[in-house]
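**Student:** fold the following for me, if possible:
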Amino acid sequence: MNQIREDVIHQCRHAYLIGIGGVGMSALARVLKHQHLEVSGSDIRESARTRELKQAGIPVAIGQSQVAFGDADLVIYSSAIRNEHLELLAARASGLKVYHRAEILSSLLNRAKTSVAVAGTHGKTTTASMISFVLTELGKNPTCLVGGDVLNLGTNTVLGSDDLWVSEVDESDQSHELYTPNYSVITNLEPDHLDHYEDMQAIRKSFEVFISNGRDPGLVVYFNEDVGLREIVSLSHCPAISYGFSEEADFSAGNICYMPFGLEFDLFEESFFVTKVRLSVPGRHNIANALACIAVTVQLGCEPEEVARILTRFRGAGRRLEVKHESSEMIVIDDYAHHPTEVKASISALKKSGKPLTVIFQPHRYSRTRYFLREFANAFDGADQLILTDIYSAGESNVHQIDISSLYHEIKNDIPVRILRKQEIIPALCAEHNLNGIIAFLGAGDIGDIADEFANRLKGAHPVAG
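**Tutor:** Just a heads-up that it's a prediction; the model follows:
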């Protein structure tokens, strides 16, 4: 992938997106249509997103049995599309302009008058959602692309002006290096995506490139508690603003009070009290996300008191501790946590409610499960019972022949643990007498579908046994 210097969008009339039903691709499709291009695409299966795109006037072909670019003069694909994909092969053979999603998105963001790029191992979707919601509510007319639905807005895309862009950017395939934002928000850095990066040092070097790409003012907003991140920001000599839980940070939180599914804290700027912040989303990690949002929006000219007032109404991002069903007996949660640090943070946040916690976890990728096996084994402390289900491959080959039993045997604690196949989970939960409290479905694969089905079962005619 390369930084695109030419103005590809305005040289083309019709963009065709392969894999248009993906979160990032569907967002880009909407933005391109907003940029006055004709837009169409394909996906391997129909989904809620493909149906929404059709309703928005964007044709979507299902399957890849035939190539139907029509009069498209630009073809876009994502990292989820393999090189042997029929349409991708045909597009390259035809001589059409073919670009990766990140090449096109970065070319748009890099031309914006003011741009914010949100990156990092954890928290970038929620942080980007908070920033997008605040700027939209304040009438700043931003264009925003987020890696999950902003629940308040009901979409992962805000179609505004070219004057102000906010985008979550992906480090999994190193494509974050294509962006040259005015403001870079980096939430944290930890080992992940080691199917792409050789080691943590390679990740650090990649983020050094990302930081160095910043353009006027090239400001970096970063999490001060991350020692390694703090070091590479310091060595970059770029202008920077820090946030965190210690007084050393430029924006910090103190006097934290946790409540069931919410919290409040005092906001300090350079150790001076500014205002009280109340959040309607739980967890210490969401305090960090809110601090990042406040820090960058203040640099964009927003008043911190106004930002805090709007954040009180922020309901979260899709599949980030998202409440799918709530009654006096039971709360069903769908959460994207797929890294040990994220699993720990989600469980910690949910335990603040004081309710019994049942966790259903679907590991994501064989490589990640293998690399973090020991870390995962200790990530579920606080759960009252744990159900493990088969690893979601995300298209990976199981080179090392790892399976869910590998994690099961690694767990050495007092939590009751069992393995169930996906199709067994709902019948098992429904057969469990006196099941109550929080039922949390965790993972970045298709476990969210099971969460939806279980929530619908509770709302419908098939109650849990009791």
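**Student:** residues of stretch 246-254 that come out buried?
**Tutor:** Ala249, Asp250, Phe251, Ser252, Ala253 (16 or more other Cβ atoms under 10 Å). For every residue, glycine as well, the C-beta is placed using N, CA and C.
**Student:** just the pLDDT at the second one, thanks.
**Tutor:** Note on Asp250: pLDDT of 98.
**Student:** I'd like to know how far it sits from Glu270.
**Tutor:** Using Cβ to Cβ, to the nearest Å, Asp250 is found at 6 Å from Glu270.
**Student:** in the sheet, who's paired with the residue nearest to Lys352 when sequence neighbours are not counted?
**Tutor:** Distance criterion Cβ to Cβ, 6 or more residues apart in numbering; nearest residue to Lys352, sequence neighbours excluded, is Tyr258 at 4.7 Å. Per DSSP bridges, the residues bridged to Tyr258 are Leu263.
**Student:** so Tyr258 touches Pro282, yeah?
**Tutor:** Yes: here Tyr258 lies in contact with Pro282, judged by Cβ atoms under 8 Å, at a distance of 7.4 Å.
**Student:** which residues are in contact with both of the two?
**Tutor:** Common contacts of Tyr258 and Pro282 (Cβ atoms under 8 Å, 6 or more residues apart in numbering): Lys352.
**Student:** these two: which is more packed in?
**Tutor:** Counted by other Cβ atoms under 10 Å, Tyr258 and Pro282 do not tie: Pro282 has more neighbours, with 23 against 18.
**Student:** quick one: the more buried one is in a strand?
**Tutor:** No: using DSSP: H, G, I helix; E, B strand; the rest coil, the assignment for Pro282 is coil, not a strand.
**Student:** list the contacts of the residue nearest to it when sequence neighbours are not counted.
**Tutor:** Nearest residue to Pro282 in three dimensions, chain neighbours excluded: Ala349, at 4.2 Å (Cβ to Cβ, 6+ apart). Ala349 makes contact with Pro282, Gly283, Arg284, His285, Asn286, Leu321, according to Cβ under 8 Å, 6+ apart.
**Student:** state the pair within those residues that is farthest apart.
**Tutor:** Farthest-apart pair in the contacts of Ala349 is Arg284 and Leu321; separation 12.4 Å (Cβ to Cβ).
**Student:** tell me which of those two has more neighbours.
**Tutor:** Each of Arg284 and Leu321 has its neighbours counted (other Cβ under 10 Å); Leu321 has more, 24 against 16.
**Student:** pLDDT score assigned to that one?
**Tutor:** We have a pLDDT of 96 for Leu321.
**Student:** what's the answer for Gly22, then?
**Tutor:** At Gly22, pLDDT is 92.
**Student:** pretty sure it is touching Ser78, no?
**Tutor:** Yes: Gly22 lies in contact with Ser78 (Cβ under 8 Å); the separation is 5.8 Å.
**Student:** pull up the distance across stretch 162-180, start to finish.
**Tutor:** Start-to-end span of stretch 162-180 (Cα to Cα, to the nearest Å) is 15 Å.
**Student:** right, I mislabeled it, should have said stretch 312-324
**Tutor:** Its first and final residues considered, stretch 312-324 spans 20 Å by Cα to Cα.
**Student:** now stretch 259-279 - C-alpha only, PDB.
**Tutor:** In PDB, the C-alpha atoms belonging to stretch 259-279 read as follows (Å, rounded to 0.1, in the frame of the first residue of the first chain):
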ATOM      1  CA  MET A 259     -21.800   3.200  39.600                       C
ATOM      2  CA  PRO A 260     -23.700   0.300  38.000                       C
ATOM      3  CA  PHE A 261     -23.300   0.900  34.200                       C
ATOM      4  CA  GLY A 262     -21.900   4.400  34.700                       C
ATOM      5  CA  LEU A 263     -19.400   6.500  36.600                       C
ATOM      6  CA  GLU A 264     -18.300  10.000  37.400                       C
ATOM      7  CA  PHE A 265     -14.900  11.700  37.900                       C
ATOM      8  CA  ASP A 266     -13.400  15.100  38.300                       C
ATOM      9  CA  LEU A 267     -11.600  16.500  35.200                       C
ATOM     10  CA  PHE A 268      -8.300  18.200  35.800                       C
ATOM     11  CA  GLU A 269      -6.200  20.100  33.200                       C
ATOM     12  CA  GLU A 270      -2.600  20.600  34.300                       C
ATOM     13  CA  SER A 271      -3.700  19.700  37.900                       C
ATOM     14  CA  PHE A 272      -6.400  22.400  38.000                       C
ATOM     15  CA  PHE A 273     -10.000  21.200  38.500                       C
ATOM     16  CA  VAL A 274     -12.100  22.000  35.400                       C
ATOM     17  CA  THR A 275     -15.500  20.200  35.700                       C
ATOM     18  CA  LYS A 276     -17.200  17.000  36.900                       C
ATOM     19  CA  VAL A 277     -17.700  14.400  34.100                       C
ATOM     20  CA  ARG A 278     -20.500  11.800  34.300                       C
ATOM     21  CA  LEU A 279     -20.500   8.800  31.900                       C
END
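**Student:** now what about it, what contacts it?
**Tutor:** With Cβ under 8 Å, 6+ apart as the criterion, stretch 259-279 contacts 247, 250-257, 280-283, 286-287, 290-291, 294, 298, 304-305, 308, 311-312, 314, 323, 352-355.
**Student:** tell me the spacing between the residue positioned nearest the centre of the chain and Ser348.
**Tutor:** In the chain, the residue lying closest to the centroid (Cα atoms, centre = their mean) is Thr125, at 3.6 Å. To Ser348, Thr125 is 18 Å away according to Cβ to Cβ.
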